[in-house]
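Enquirer: Could you work out the structure for the sequence below:
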Amino acid sequence: MPTRLNINIIIVLLIITLLTSCRQSNVEGIIIGSTLYGNQDYSTNRALCNIITRALNNDQKALIELTEFWCGGAAGCYDLGYVLTQIINKTNEKEFIKLTNELTQKQKNEILGLIAVGLEYGDNNYDGKMDNMTTREVYPALEQALLEKNNM
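Expert: The predicted structure follows:
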């Protein structure tokens, strides 16, 4: 006969399994890279999914939150950059530029850095290989807008 302690342990393990298995690696067609996704617990993943959804709906605050999102360093940050480039591709460059117009130069620089790694290490054309592209090649107008100094 199972003891109360054994039942409690089983219940806790089931809850942990359910919470970790409910994470999403794809949000409205935006792929969350394996390193970033793999290092997230349920609540962190839910927060990122929420930010992605809001960014796709042209929410400027979500864009700022994305630049401040903890990516774990190295490959996780490359994955976060890849998330950002996918958002740009889905919303289109002109709409994305509008979102960045009122950001501080520091925020614009952070976005530019994420885009750079997202284009270099991401698979934005879904051919199974890193793209090794630059912002200037893919988003010339966005690069110019992000480099343009503002008075904020």
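
Enquirer: Mind pulling up the pLDDT for G73?
Expert: The score at G73 is 82. That number is its pLDDT.

Enquirer: ignore the last one, L19
Expert: 58.

Enquirer: State the mean pLDDT of stretch 102-122.
Expert: Mean pLDDT, stretch 102-122: 95.

Enquirer: Give me the buried positions along that stretch.
Expert: Going by neighbour count (16 or more other Cβ atoms under 10 Å), the buried part of stretch 102-122 is 103, 107-108, 110-122. Every C-beta, even on glycine, is put in place using the N, C-alpha and C of the backbone.

Enquirer: Going by distance to G29, which of those wins?
Expert: The closest of those to G29 turns out to be G122 (Cβ to Cβ; 14.0 Å).

Enquirer: Tell me the spacing between the closest one and E68.
Expert: 20 Å (Cβ to Cβ, to the nearest Å).

Enquirer: Apart from its chain neighbours, what residue comes closest to E120?
Expert: N132 (5.6 Å; Cβ to Cβ, 6 or more residues apart in numbering).

Enquirer: Name the residues that touch stretch 85-94?
Expert: Contact with stretch 85-94 is made by 28-31, 52, 55-56, 58, 66, 96, 99, 115, 118-119, 122, 124, 138-139, 141-142, as judged by Cβ atoms under 8 Å, 6 or more residues apart in numbering.

Enquirer: Give me the subset of those that lies in helices.
Expert: 52, 55-56, 66, 96, 99, 115, 118-119, 138, 141-142 (DSSP state H).

Enquirer: Now distance to G128 too, for the residues you listed, in JSON lines please.
Expert: JSON lines is the format used below for the ones in helices among the contacts of stretch 85-94 (distance: Cβ to Cβ, whole Å):
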{"residue": "I52", "distance to G128": "22"}
{"residue": "A55", "distance to G128": "25"}
{"residue": "L56", "distance to G128": "24"}
{"residue": "L66", "distance to G128": "25"}
{"residue": "F96", "distance to G128": "26"}
{"residue": "L99", "distance to G128": "30"}
{"residue": "I115", "distance to G128": "21"}
{"residue": "G118", "distance to G128": "17"}
{"residue": "L119", "distance to G128": "16"}
{"residue": "V138", "distance to G128": "18"}
{"residue": "A141", "distance to G128": "28"}
{"residue": "L142", "distance to G128": "26"}
